[in-house]
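Visitor: Let me see the structure of the following:
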Amino acid sequence: MVHEIWASIDPGVTSGVVVWNVTDKLEVHGAWEIPYSAGLSSVVQAAYAYGASLLVFEDFVIPHRCHGPTEAKKTIEVIGAIKLFCRQRSITCKAIMPSQTKRIDDATLRRYGITTKGVHARDACRIGLFYWLRREKKHGNAC
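Guide: This is a model prediction of the structure:
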């Protein structure tokens, strides 16, 4: 049985971070909500500390009519920090579009035994579960 450590991140003003134990199933090892004020590196340090070999995050689409400084800027900065951190440490980094992760609702999380407190941590769970389900389907495993 292959064992991997993954992390999924919902980047933003408050980022959700989940570290996963991945075997033939997906188990939450830890889940956190980290405020932007804690520093950009704090978002990815948790994943790195547990030895994550894959980091999946929700990408960001800039709205067509985005004017002036907004909280969106902080989300973009967090994503930049994630990409830089992964590049510097040779960690595989995958982006998932927001529209894809919304397909995973709370009932689906519960069906897979995933329970987490906090909106952003739960969103990070959706990202990780979506990526895992897509990978399982690609490898022909029934989910």
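Visitor: Of all the residues in stretch 34-43, which ones are buried?
Guide: For stretch 34-43, the buried set under the neighbour-count rule, 16 or more other C-beta atoms under 10 Å, comprises 34, 36, 40, 42-43. Any C-beta I mention is one placed from the backbone N, CA and C, and that applies to glycine too.
Visitor: One more: stretch 114-121?
Guide: Neighbour-count burial for stretch 114-121 [16+ other C-beta under 10 Å]: 114, 116, 120-121.
Visitor: Relative to the whole chain's centre, how far out is that stretch?
Guide: Centroid displacement of stretch 114-121 relative to its chain, using C-alpha atoms, centre = their mean, to the nearest Å, is 12 Å.
Visitor: Just the endpoints, please. Distance across it?
Guide: 11 Å (C-alpha to C-alpha, to the nearest Å).
Visitor: Report the rounded mean pLDDT for it.
Guide: What stretch 114-121 shows for mean pLDDT is 93.
Visitor: okay, the buried residues of stretch 34-43 in TSV with pLDDT next?
Guide: Below are those laid out as TSV (pLDDT from 0 to 100):
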residue	pLDDT
34	92
36	87
40	75
42	82
43	80
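Visitor: Take those and keep only those in strands.
Guide: residue 34 (DSSP state E).
Visitor: Could you provide the buried residues of stretch 34-43 in CSV, with additional columns for distance to residue 26?
Guide: Putting these into CSV (distance: C-beta to C-beta, whole Å) gives the following:
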residue, distance to residue 26
34, 21
36, 27
40, 27
42, 24
43, 21
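Visitor: got the end-to-end distance for stretch 55-74?
Guide: End to end - C-alpha to C-alpha - stretch 55-74 spans 19 Å.
Visitor: for stretch 107-121, same thing?
Guide: Note: stretch 107-121 ends 15 Å apart using C-alpha to C-alpha.
Visitor: outside of it, which residues touch it?
Guide: The contact list for stretch 107-121 (C-beta atoms under 8 Å, 6 or more residues apart in numbering) reads 10, 12, 14-18, 26-28, 31-33, 122, 124-126, 129.
Visitor: Can you check the pLDDT for residue 1?
Guide: Here, the pLDDT recorded for residue 1 equals 59.
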